[in-house]
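S.K.: can you look at this prediction? I've put the sequence above it.
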Amino acid sequence: KEKNKFYKKNKIKNFEIKEFVKKYFLIIVFKFLNIFQKKNDVVIYNSYISGFLNKIILNLKINQIPQIYSYEFYQKNKDKLKRKDLSNSDLENKYFSKRNFQIKIKLTNNKKFHKILEDLINKMLPNIYLENFEKLKSLTEKKIFPKYPKFILTSCPPILKDEIFKCYISRKIIDKCKLIMMQHGGVYGTCFFEPTVPRHEMDVADTFCSWGWGAKQKIKKVPCSLIINDNKKWNKKGKILLIFTESRKYFTTFQCDSLWSERSTIYHNDQINLINTLPKKILNNLNFRFHPGSQLCRSEILNKVSGRNAKIIKDNSIQLNNFSEVMSQHRLLIFNYNSTGFIEGIGTNRPSILFLNNSLMPFNKKEKKIYYELNKVGILHFNHKSLIKHLNKIYLDVESWWEDKNVIKAKKLFCNRFAYSNNDYMKSYLNIFD
């Protein structure tokens, strides 16, 4: 056990060193390429297209010297610009400090309500979109991205969380620049109702690239960018991996499968029931991967499972960030939420199971046939008893189950709709750009 712990620690440390070297090597490369940027170059930023080489090829195919904006490179430049332009090391205070003027509402008979409304508006409207808006605009004019791009290819995170890039995109759209949005992860097309984020993306984009689903005119089907050139390996003698999602105490996201408050509690209890009911022979062959952004789920489960099982979870938790590498080390992947990871797993033909509480994470009724087929062949389970019964049947010989003709048929049905792929993915992307 001590050797195993030592091995795990060293593996994590080696991985972190590799990632550090890779990150700064890429920053140097990107900085060099930025010298050759033209005013009308295409912007491909945070596009969710995997693989450094794929990004290089894509740039060359559209006849430009590769301009690949790594997140770290962009953030480094962005922070430098903020410091320079705002001449204030405390950026948070400059952007979000108490505003230097107050928004007043003309009071009517209901003075109490208007006073509350006035106070909330002053606290909640960001300074960066009011008194500091000119400063925000000036940051978008610095030489990070081209001044007159032919089009912009991006995905969800920048248009939600990056104020400078959002402002840049908005100004370019006003100038008639075409915006192409790439699907970012799972949930798209599978949820009971369309979440606010995909709806917003489709509203603002000229073209939205989906991984197979969708019938609207602006939605175009492209190969799933997550699984391009993935090695598709998996360890037939490895352990089973149980993958958890992020759960929260409070409401944050308006979508039907988000977990907060009592919904989080229901989700935790489902996983606790599974872990406490699993036969020892399977539990001892189980690894656990908790969402890196949430400690709530891990702590709740460790507090409520039996003592022996808590020790197994602590000893067998996986921390590596490279999810493709993690998947390749296991014989079977169990996702207990409607996830990007499940699409990546089944899309790369690695044995994958979806364990969902259908009242917490209901799927799109239009796709009922697809989910029925997954359930019929044991890929989808709605309760822990069904899942345990299935695991008892297959865990010694996962491959035979995964290669069964009915399972293959169900996989193809799902992948054609939600994890589409073809042999000439580059041609598919270029057709969208024309």
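M.R.: Arrived safely. Numbering: from 1, shown residues only.

S.K.: pretty sure I152 sits against D175.
M.R.: No. Counting by Cβ atoms under 8 Å, I152 does not reach D175; the two are 11.2 Å apart. C-beta: built from backbone N, CA, C; applies to glycine.

S.K.: with neighbour numbers in mind, choose between those two.
M.R.: Counted by other Cβ atoms under 10 Å, I152 and D175 do not tie: I152 has more neighbours, with 26 against 10.

S.K.: now do the contacts for the closest residue to that one other than its chain neighbours.
M.R.: Distances taken as Cβ to Cβ, 6 or more residues apart in numbering put V43 closest to I152, at 4.5 Å, once the chain neighbours are dropped. V43 sits next to Q67, Y69, F145, P146, P149, F151, I152, L153, T154 when contact means Cβ atoms under 8 Å, 6 or more residues apart in numbering.

S.K.: rerun at 7 Å
M.R.: V43 makes contacts with F145, P146, P149, I152, L153, as judged by Cβ atoms under 7 Å, 6 or more residues apart in numbering.

S.K.: in the stretch 101-250 of the chain, what residue spans correspond to helices?
M.R.: 111-124, 133-140, 156-161, 163-174, 196-204 (DSSP state H, counting those that start in this stretch).

S.K.: closest one to I56 among these?
M.R.: I56 sits nearest to helix 156-161 of all these, at 20.6 Å, using Cβ to Cβ.

S.K.: buried residues, the closest one. List them.
M.R.: Neighbour-count burial for helix 156-161 flags C156, P158, I159 (criterion: 16 or more other Cβ atoms under 10 Å).

S.K.: let's have the helices of the stretch 101-250 of the chain in CSV, adding mean pLDDT and distance to K233.
M.R.: Shown next, in CSV, are the helices of the stretch 101-250 of the chain (pLDDT from 0 to 100; distance: least, Cβ to Cβ, whole Å):
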stretch, mean pLDDT, distance to K233
helix 111-124, 81, 49
helix 133-140, 84, 43
helix 156-161, 86, 28
helix 163-174, 91, 35
helix 196-204, 88, 31
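
S.K.: now those as CSV including distance to L360?
M.R.: CSV is the format used below for these (distance: least, Cβ to Cβ, whole Å):
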stretch, distance to L360
helix 111-124, 30
helix 133-140, 39
helix 156-161, 22
helix 163-174, 31
helix 196-204, 18
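
S.K.: of all those, which one is nearest F32?
M.R.: Per Cβ to Cβ, nearest to F32 of the helices of the stretch 101-250 of the chain: helix 163-174, 21.9 Å.

S.K.: other SSEs contacting the closest one?
M.R.: With contacts taken as 3 or more Cβ pairs under 7 Å, 6 or more residues apart in numbering; DSSP states H and E, helix 163-174 sits against helix 133-140, helix 156-161.

S.K.: tell me how many other residues crowd P195.
M.R.: For P195, using other Cβ under 10 Å, the count is 18.

S.K.: what helix or strand does the nearest residue to it once chain neighbours are set aside sit in?
M.R.: Among residues not flanking P195 along the chain, Q255 sits closest, at 3.5 Å (Cβ to Cβ, 6+ apart). Assessed by DSSP states H and E, Q255 sits outside every helix and strand.

S.K.: got the contact list for I174?
M.R.: No contacts exist for I174 under Cβ under 7 Å, 6+ apart.

S.K.: who does the helix or strand hosting K385 touch, helix- and strand-wise?
M.R.: Using DSSP H and E, the element containing K385 is helix 384-394. Packing partners of helix 384-394 (3+ Cβ pairs under 7 Å, 6+ apart): helix 262-277.

S.K.: rewinding a little: ramachandran coordinates for the residue nearest to I152?
M.R.: For V43, the backbone dihedrals (degrees, to the nearest 10) come out as phi -100, psi 120.

S.K.: got it, and F30?
M.R.: The phi/psi pair for F30 (degrees, to the nearest 10) is phi -60, psi -40.

S.K.: right, and it touches Q67 too?
M.R.: No. With contact defined as Cβ atoms under 7 Å, F30 does not reach Q67; the gap is 8.3 Å.

S.K.: partners of L153 in the sheet?
M.R.: For L153, the beta-bridge partners are I44, I180 (DSSP bridges).

S.K.: quick one on the thing from earlier: a markdown table for the buried residues of helix 156-161, including distance to W260?
M.R.: Below are the buried residues of helix 156-161 laid out as a markdown table (distance: Cβ to Cβ, whole Å):
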| residue | distance to W260 |
| --- | --- |
| C156 | 20 |
| P158 | 25 |
| I159 | 23 |
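
S.K.: just the closest of those residues to N316, please.
M.R.: Taking Cβ to Cβ as the measure, N316 sits nearest to C156 out of these, at 32.3 Å.

S.K.: the closest one and H184 touch, don't they?
M.R.: Yes. Between C156 and H184 a contact is recorded at 3.9 Å, counting by Cβ under 7 Å.

S.K.: give the burial count for E134, as a bare number.
M.R.: Using other Cβ under 10 Å, E134 is surrounded by 7 other residues.

S.K.: give me the distance between it and N127.
M.R.: Remark: distance between E134 and N127 (Cβ to Cβ, to the nearest Å) = 12 Å.

S.K.: go on, I56?
M.R.: Going from I56 to N127 by Cβ to Cβ gives 39 Å.

S.K.: do N269 as well
M.R.: The value you get for N269 to N127, if Cβ to Cβ is used, is 42 Å.

S.K.: who's more crowded, those two?
M.R.: N127 (17 against 14).

S.K.: quick check: the gap between that one and H330.
M.R.: Distance from N127 to H330, by Cβ to Cβ: 47 Å.

S.K.: which strand residues bridge I68?
M.R.: Per DSSP bridges, the residues bridged to I68 are I44.

S.K.: pretty sure it is touching F30, no?
M.R.: Yes. In this structure I68 lies within contact range of F30 using Cβ under 7 Å: 5.8 Å.

S.K.: how about the strands of the protein, start to end?
M.R.: With strands called from DSSP state E, the chain shows them at 43-45, 68-69, 151-154, 178-182, 207-210, 219-221, 240-243, 286-289, 332-335, 352-355, 380-381.

S.K.: and those strands as TSV, adding mean pLDDT and distance to A419?
M.R.: Output for those, formatted as TSV (pLDDT from 0 to 100; distance: least, Cβ to Cβ, whole Å):
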stretch	mean pLDDT	distance to A419
strand 43-45	92	22
strand 68-69	75	25
strand 151-154	95	20
strand 178-182	95	14
strand 207-210	95	11
strand 219-221	93	12
strand 240-243	96	16
strand 286-289	94	20
strand 332-335	97	13
strand 352-355	97	11
strand 380-381	97	15
